[in-house]
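In: Sequence and predicted model, in that order:
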Number of protein chains: 2
Amino acid sequence: MKLATIAANSRDGALVVVSRDGQRFLPAVEVVATLQSALDNWQTASEALGKLADKLDAGEGESTASVSFLAPLPRAWQWLDGSAFDSHGALMEKVFGIDPVPLDNPLMYQGLSNQFYSATDDVPFLYEEDCIDFEGEFGVIVDDTPMGVTAQQALSHMKLIVQINDWSLRKLAPVEMRTGFGWVQAKPPCSAAPFAVTPDELGDAWRDGRVHLNLVVDFNGQRFGAANGEAMSVGFHELVAHAAATRDLCAGTIIGSGTVSNEHYREIGSSCIAERRGIEMLDLGEPKTDFMKFGDRVRMEAQSISGETLFGAIDQKVVKRELPK
Amino acid sequence: MKLATIAANSRDGALVVVSRDGQRFLPAVEVVATLQSALDNWQTASEALGKLADKLDAGEGESTASVSFLAPLPRAWQWLDGSAFDSHGALMEKVFGIDPVPLDNPLMYQGLSNQFYSATDDVPFLYEEDCIDFEGEFGVIVDDTPMGVTAQQALSHMKLIVQINDWSLRKLAPVEMRTGFGWVQAKPPCSAAPFAVTPDELGDAWRDGRVHLNLVVDFNGQRFGAANGEAMSVGFHELVAHAAATRDLCAGTIIGSGTVSNEHYREIGSSCIAERRGIEMLDLGEPKTDFMKFGDRVRMEAQSISGETLFGAIDQKVVKRELPK
């Protein structure tokens, strides 16, 4: 089942169910108004939404061509982002000059959750000089998940899978890391691909709590990377358990994988500019690829095994925001 | 004006206006349903709420004795906590063995915001061994605040002042700091005192973007500290500007001061156990004060100049949470 959110009178938009091919949709308003509301009562809501999905399978529904989708959760109560691809982490440590820390636990930070840009929104920044970068990743959305849940127990709490662009300001990141307090300024709001999908939609591509799909990233129309989500050193269920170690996770909490990255990044490419620059520093002695300029575009879409769209595409431009008067 | 939230059918509770002495209240439901909603439309809402406050001043209203208050925002879209008391920061660096980082910017981390415990909730933790600690602090709540706002501009966006207990797990904190990703497990949900007050309620005690009041902290009935909020090395307006440097702050964003701490902490006491333990390490060679055990209580209340309660008191107990089955 594919769920999405379209604009409505509320900041949370209106929930719709989308056909497998992403071409048609049915409003869910008579069943449940918003995706947050569905997650708050997942058992009941998902059954009712499944009946709408059946109708879509039978050919019903309106065309999505004239609809503009918001992020599945235009604002979420919580966003926690992991860094589960070790090949990326190891490279970033070199780039930022940070000593590797031996860890027993997954890496994770608390991110801003009150706003997720849609897949097609222009994304505003004040200064190019902050080194604007994208980070292509996958994420899961959980229902109410109790404090102290095990990774095994967490498997059944992951209700939806999403695709995210975690916007990052690379000039500010190392400064904030050195404080030990983590990122605030270096991590503005993320963007999300339009469709949040139930794990069964992925078929065999969802196993071991990982998304076994290539995330195809194009930067200004040029192929930039197609790393596979299977390479997570810990699965999403382990990230959820880490997140829930000392807190209850509310329904609608989104947990991210961190930048999708594979060890053979020289061949397959990267999901963020910082990683490519890191490779260039190792191979060429200095970075060659610039960070994003105003007007630059990034496109991200996971390649499903059958060739159909799964999460839809993120395809957007960075733009200049003027200072407030 | 004093605002508070009482239990209602929604997770966001119902907004009420409270008399200056905290003894009477009037429901605000006919004006605006929730505090978040008031902050979303502050100009209009605050005028209407002010009329209810006038009625309370004239003696109207029901007794608060039989009412149990939730946190002013039982869940918030964003919580960013500073560390603006340098005497605390310097001591913590010694305690955690962290090298001091020369900084041009305030220290701040992104915290969990989907849940704020009420002032009287029992607060659940899984393990005493995680080193349970309180942190008494002040905070401000802003209305919609644009990216890139100056500290001067930020002054007019601070609509409410609150008093917060930022629960902390000290065993986990240094491990997460060393990753550079900041705190997740070390920072479970905070608690909030019942009343969110407009800056004018503080009179002269609100100036330079600081709360010039003692925060009286009692641990298991013993006076623990009474540090004054004036000692912030940067004011709340500067913290708001820091938070908004690369993002729009949504209405209802709460910005914390960090643990209230004064340089003469040996005389005035501390607002968290970690600080007292740090002092003991310096003075006695080892920490003497234990972290909290299940059943321990902490009470926090700001002492107003006139002796009336301002934010009400936080007074609560830590309890054991069992693992989920």
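Out: Arrived safely, thanks for sending.
In: Distance of the spatially closest residue to A:Val29 that is not a sequence neighbour relative to B:Asn9?
Out: What sits nearest to A:Val29 in space, not counting adjacent residues and going by Cβ to Cβ, 6 or more residues apart in numbering or on different chains, is A:Ala14, at 5.7 Å. C-beta: built from backbone N, CA, C; applies to glycine. Between A:Ala14 and B:Asn9 the distance, using Cβ to Cβ, to the nearest Å, works out to 22 Å.
In: If you count surrounding residues, which of those two has more?
Out: Ranked by neighbour count (other Cβ atoms under 10 Å in any protein chain shown), A:Ala14 and B:Asn9 place A:Ala14 first, with 18 against 7.
In: which bits of the stretch 201-325 of chain A sit near chain B?
Out: The stretch 201-325 of chain A has residues A:His242, A:Ala243, A:Ala245, A:Thr246, A:Arg247, A:Asp248, A:Cys250, A:Thr253, A:Arg321, A:Leu323, A:Pro324 near chain B, with proximity defined as Cβ under 8 Å from any Cβ of the partner chain.
In: what about the fourth one, which SS state?
Out: Which is A:Thr246. In three-state terms, and counting by DSSP: H, G, I helix; E, B strand; the rest coil, A:Thr246 is coil.
In: Tell me who's in contact with it.
Out: Going by Cβ atoms under 8 Å, 6 or more residues apart in numbering or on different chains, A:Thr246 touches A:Met147, B:Phe125, B:Leu126, B:Asp130, B:Leu169, B:Leu172, B:Gln185, B:Ala186, B:Pro188.
In: Counting neighbours, which of the residues you listed comes out on top?
Out: B:Pro188 (27 neighbours).
In: I'd say that one and B:Trp167 touch.
Out: Yes: using Cβ atoms under 8 Å, B:Pro188 makes contact with B:Trp167 at a distance of 5.3 Å.
In: Can you get me a residue count around the closest residue to chain B within chain A?
Out: Scanning chain A for the residue nearest chain B gives A:Gly182, at 1.9 Å (criterion: Cβ to the nearest Cβ). A:Gly182 has 25 neighbours, counted by other Cβ under 10 Å.
In: And the pLDDT for the residue nearest to A:Val29?
Out: According to the prediction, A:Ala14 has pLDDT 98.
In: likewise A:Val101?
Out: The model's pLDDT for A:Val101 equals 66.
In: Check A:Pro124 too.
Out: Value for A:Pro124, per-residue pLDDT: 98.
In: now swap in A:Asn9 and tell me
Out: For A:Asn9, the model assigns a pLDDT of 86.
In: gap between it and A:Val29?
Out: 11 Å.
In: returning to that earlier point: does the residue nearest to A:Val29 have beta-bridge partners, and which?
Out: A:Ile6 (DSSP bridges).
In: contacting residues for it?
Out: A:Thr5, A:Ile6, A:Ala7, A:Ala8, A:Pro27, A:Ala28, A:Val29, A:Ala33, A:Thr34.
In: Then A:Gln78?
Out: Contacts of A:Gln78 (Cβ under 8 Å, 6+ apart): A:Gln110, A:Ser113, A:Leu249, A:Cys250, A:Gly252, A:Thr253, A:Ile254, B:Leu112, B:Ser113, B:Asn114.
In: Can you tell me the SS state at the first one?
Out: Using three-state DSSP as the criterion, the local structure at A:Gln110 reads strand.
In: That one is in contact with A:Val184, isn't it?
Out: No: between A:Gln110 and A:Val184 there is no contact under Cβ under 8 Å: 9.8 Å.
In: Now the common contact residues for those two.
Out: Common neighbours of A:Gln110 and A:Val184, using Cβ under 8 Å, 6+ apart, are B:Tyr109, B:Gln110.
In: Tell me how far the biggest helix by length in chain A lies from the chain's centre.
Out: Ranked by number of residues, the top helix in chain A under DSSP state H is helix A:42-57. Taking Cα atoms, centre = their mean, to the nearest Å, one finds the center of helix A:42-57 at 24 Å from the center of the full chain.
In: Tell me who's in contact with the closest residue to A:Leu56 other than its chain neighbours.
Out: Sequence neighbours aside, A:Ser19 is the residue nearest to A:Leu56 in space, at 4.2 Å (criterion: Cβ to Cβ, 6+ apart). A:Ser19 makes contact with A:Lys2, A:Phe25, A:Leu56, A:Asp57, A:Gly61 under the criterion Cβ under 8 Å, 6+ apart.
In: Most widely separated two among these?
Out: Comparing every pair within the contacts of A:Ser19 by Cβ to Cβ identifies A:Phe25 and A:Asp57 as the most remote, at 12.8 Å.
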